[in-house]
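1. Requesting a structural model of the entry that follows:
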Amino acid sequence: MNIRDLKYAVAVAELNHFGRAAEACRVSQPALSGQIRKLEAHLGVVLFERTNKSVAVTPVGEEIIALGRELLEVVERIEMTAAAHTDPLAGSLRLGMIHTIGPYLAPLLLPSIRRSLPKIDLQISEDVTATLEDRLIAGDLDAALIATPVVEPRLTEIALYDEPFWVALPHGHRLEHSEEIDVLDIATDELLLLGDGHCLSDQVLSFCTKKPGKKPTSRTQQTSLTTILALVGAGAGVTLVPAMSLMGPWVTDSGIAMRREKSGLAGRAVRLVFRKSFPRQAVLEKLADIVCAILPDTVSPERR
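-> Numbering: from 1, shown residues only. Prediction:
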């Protein structure tokens, strides 16, 4: 049994297809199928039920492949540890971002990475906070940009920046005449927020219900911030947006009035989160410096 055969088996289990697994592993399908048959013969069990139209993992295959994933993660950590001692600022870097950070930070970050870390192959993916944390723990990501404190003991963080929220309201709204708006003056039943799983919604609702007697109600939408803003522009309600989003094209000619938040309550702290065991922390320190150097003046970097 060797590491290569385990990689093949894990790929088939994840893709449910021998041909796609072979393509992902950059090997011919007959070669991949042959190696998996050898692995099954060596173990004395059948890992996959095969038909002409489908492939399914057997019960014992589920157990073995789960162990194989753990072993492959250890192998990857061994390789990364070795690479970190040669050039920690080279190789791939898998970075996750929450949906309310990625669209605004990524366009600024990628050119800076190419200039400052030319040997890094940056791979960015977006998801909600809970999923990003799960992927970090599983080793599917190297680091993630999130806006909530770390509670998982296997993870740690680097503080990046503090970001205020701005109030987005439709033209003609009763508060439009104000240069600044206190979140406590916003009626919670007119709030338009992202759906469950988005930390931005929980944060905004917590700010807007600090006044005694205010009920934690809102209208959540299973959609994107872009769509929420389109609804605001159509007069359907009010929302709060992170300051970085003010660089987006939606700010002009959208039917939306933008106002600073007056109380100072509404905002978030963005951090770079990663596993404590991640061996290439030097590249994450460099990444944190790059992020803080490219921030607009609407946010306050923690690293100077």
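
2. Distance of Phe48 relative to Val60?
-> For Phe48, the distance to Val60 (C-beta to C-beta, to the nearest Å) stands at 11 Å. Quick note: C-beta positions are derived from backbone N, CA and C, even for glycine.

3. meant to ask about Ala66, not that
-> 11 Å.

4. and the closest residue to Gly91 other than its chain neighbours, helix, strand or coil?
-> Nearest residue to Gly91, sequence neighbours excluded (C-beta to C-beta, 6 or more residues apart in numbering): Ala83, at 5.7 Å. Secondary structure, DSSP: H, G, I helix; E, B strand; the rest coil: Ala83 is helix.

5. show me the residues around the residue nearest to Leu105 when sequence neighbours are not counted that make contact.
-> Nearest non-adjacent residue to Leu105, counting by C-beta to C-beta, 6+ apart: Met244, 6.4 Å away. Residues in contact with Met244, defined by C-beta atoms under 8 Å, 6 or more residues apart in numbering, are Ile101, Tyr104, Leu105, Glu163, Leu295, Pro296, Thr298, Val299.

6. how near is Met244 to Pro301?
-> Met244 is 12 Å from Pro301, by C-beta to C-beta.

7. Next, show the common contact partners of the two.
-> Residues touching both Met244 and Pro301 (C-beta under 8 Å, 6+ apart): Leu295.

8. Not counting sequence-adjacent ones, nearest residue to the residue nearest to the spatial centre of the chain?
-> Among the residues of the chain, the one closest to the centroid is Met97, at 3.0 Å (C-alpha atoms, centre = their mean). Excluding the flanking residues, the one nearest Met97 by C-beta to C-beta, 6+ apart is Leu145, at 4.6 Å.

9. that older thread, pLDDT value on the residue nearest to Leu105, please?
-> pLDDT, Met244: 88.

10. does it sit in a helix, a strand or a coil?
-> Looking at Met244 with three-state DSSP, the answer is helix.

11. going forward, begin numbering at 37 instead of 1
-> Got it, first residue is 37 now, which makes that one Met280.

12. Distance of it relative to Glu199?
-> For Met280, the distance to Glu199 - C-beta to C-beta - is 6 Å.

13. what's the overlap in contacts for the two?
-> Thr334, Val335.

14. Which single strand of the chain contains the most residues?
-> For the chain, the strand reaching the highest residue count under DSSP state E is reported as strand 191-206.

15. Relative to that one, what are the paired strands and their orientations?
-> In the sheet, strand 191-206 lines up against strand 275-278 (antiparallel), strand 292-297 (antiparallel), strand 303-311 (antiparallel), strand 336-337 (antiparallel) (DSSP bridges).

16. After it, which helix or strand is next?
-> Downstream of strand 191-206, the next assigned helix or strand under DSSP states H and E is strand 216-217.

17. mind listing what that following strand pairs with, with the direction of each?
-> strand 292-297 (parallel).

18. mind listing the helices for the stretch 237-340 of the chain?
-> 261-269, 317-329 (DSSP state H, counting those that start in this stretch).

19. Mean pLDDT lowest where, among these?
-> helix 261-269 (a mean of 84).

20. In stretch 148-161, which residues are buried?
-> Ile149, Leu153, Ile156, Ile160 (16 or more other C-beta atoms under 10 Å).

21. Roughly how far does the third one sit from Lys312?
-> This points to Ile156. 21 Å.

22. Strands of the protein, start to end?
-> 84-86, 91-93, 127-133, 156-162, 179-182, 191-206, 216-217, 228-230, 255-257, 275-278, 292-297, 303-311, 336-337.

23. Quick one: closest of these to Leu51.
-> In terms of C-beta to C-beta, the element of the strands of the chain nearest to Leu51 is strand 91-93, at 9.0 Å.

24. which other helices and strands contact that closest one?
-> strand 84-86 (3 or more C-beta pairs under 8 Å, 6 or more residues apart in numbering; DSSP states H and E).
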